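> Sequence below, structure please.
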Amino acid sequence: MAVDYFAGDERTNRERMLAGDLYVADDPENERLHRRGIRLADAYHRADVAGDPAARGILDDLLGTLGEGAHINPPLFVDYGENIHVGARTFVNYNLTALDVAPIVIGEDCQIGPNVQLLTPTHPIDPQPRRDKLEAAQPITIGDNVWLGGGVIVCPGVSIGENSVIGAGSVVTRSIPANVVAVGNPARVIREIG
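Numbering: from 1, shown residues only. This is a model prediction of the structure:
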């Protein structure tokens with residue numbers, strides 16, 4: 001028997017997703033926008049590798065906001081792209097995975113190392129009733145002048161305060177204040193900066 005998780009809720013799954021509520025990911029509009037994001041990320045990769053001046057425009061079309069002087073080294077992997085906002089003069093190294101089911105906001109003057117993952121989706125953990133097709137999402141916010149070392153994973157709902165440094169390989173499961181160095185799995189503040 002199919003379970004109606006949303007009895008009485010007339011919103012589309014996309015509307016539920018954007019509200020941060022539980023949703024089923026097979027919404028046709030989500031699928032269309034997901035395919036668009038994949039196509040644009042691929043086109044950006046090919047254009048950037050070829051040295052095509054159109055690469056910047058493709059990236060600008062893909063992302064919600066791309067600040068002046070910001071650059072992302074391809075490949076870039078996204079769910080939609082349109083929910084990613086990158087501040088001016090931010091540099092992102094190779095292999096960023098940004099699952100932007102919810103907004104991902106990256107401040108100005110940030111440095112993001114290779115193989116970083118910014119993950120907004122969540123899944124229910126309660127097995128009763130079986131809810132394995134449901135997802136939700138929480139935004140990620142990265143303040144200005146933040147440095148994320150290579151291989152950092154930022155989990156759903158996390159904010160990282162301005163001027164902070166997250167050490168390579170760290171898994172950020174909770175929000176990090178401004179002006180600190182945090183390392184480890186889970187990431188913990190080890191000292192203040194300045």
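> For this protein, give me the ranges with low pLDDT.
For the chain, the stretches flagged by pLDDT under 70 are 1-3, 126-133.
> go with 80
Applying pLDDT under 80 to the chain flags the ranges 1-5, 25-26, 123-134.
> biggest helix in it by residues?
Assignment by DSSP state H gives helix 28-49 as the longest helix of the chain.
> From the rest of the structure, what touches it?
Contacts to helix 28-49, defined as CB atoms under 8 Å, 6 or more residues apart in numbering, come from residues 12-14, 17, 52, 54-55, 58-59, 61-62, 73-82. C-beta here means a position set from N, CA and C on the backbone, and glycine is covered the same way.
> Filter those residues down to the buried ones and hand me the ChimeraX line.
In ChimeraX, a selection of the buried entries from the contacts of helix 28-49 looks like this (16 or more other CB atoms under 10 Å):
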select :13,14,17,55,58,59,62,74,76,77,78,79,80,81,82
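> mind listing which of the contacts of helix 28-49 are in helices?
Using DSSP H, these in helices are 13-14, 17, 55, 58-59, 61-62.
> Output those residues in JSON lines; the columns should cover distance to residue 157.
Formatted as JSON lines, the ones in helices among the contacts of helix 28-49 follow (distance: CB to CB, whole Å):
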{"residue": "13", "distance to residue 157": "20"}
{"residue": "14", "distance to residue 157": "20"}
{"residue": "17", "distance to residue 157": "15"}
{"residue": "55", "distance to residue 157": "32"}
{"residue": "58", "distance to residue 157": "30"}
{"residue": "59", "distance to residue 157": "26"}
{"residue": "61", "distance to residue 157": "28"}
{"residue": "62", "distance to residue 157": "24"}
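> for the residues you listed, which one is nearest residue 120?
Nearest to residue 120, judged by CB to CB, of the ones in helices among the contacts of helix 28-49 is residue 17 at 10.1 Å.
> if we can go back for a sec, state the pair within the ones in helices among the contacts of helix 28-49 that is farthest apart.
13 and 55 (32.7 Å).
> Residue 141: which element?
Assigned by DSSP states H and E, residue 141 falls within strand 140-142.
> what's the spacing between that strand and its chain's center?
8 Å (CA atoms, centre = their mean, to the nearest Å).
> can you check stretch 162-171 too?
From the chain centre to the centre of stretch 162-171 is a distance of 16 Å (CA atoms, centre = their mean).
> Could you check how far residue 165 is from residue 98?
20 Å (CB to CB, to the nearest Å).
> okay, these two: which has more neighbours?
residue 98 (28 against 21; other CB atoms under 10 Å).
> who does the nearest residue to the more buried one once chain neighbours are set aside bridge with?
Spatial nearest neighbour of residue 98, chain neighbours left out: residue 118 (4.6 Å); criterion: CB to CB, 6 or more residues apart in numbering. Beta bridges link residue 118 to residue 98, residue 154, judged by DSSP bridges.
> What of residue 104?
Beta-bridge partners, per DSSP bridges, of residue 104: residue 84, residue 140.
> so what's it up against?
Going by CB under 8 Å, 6+ apart, residue 104 touches 83-85, 98, 118, 120, 139-140, 142.
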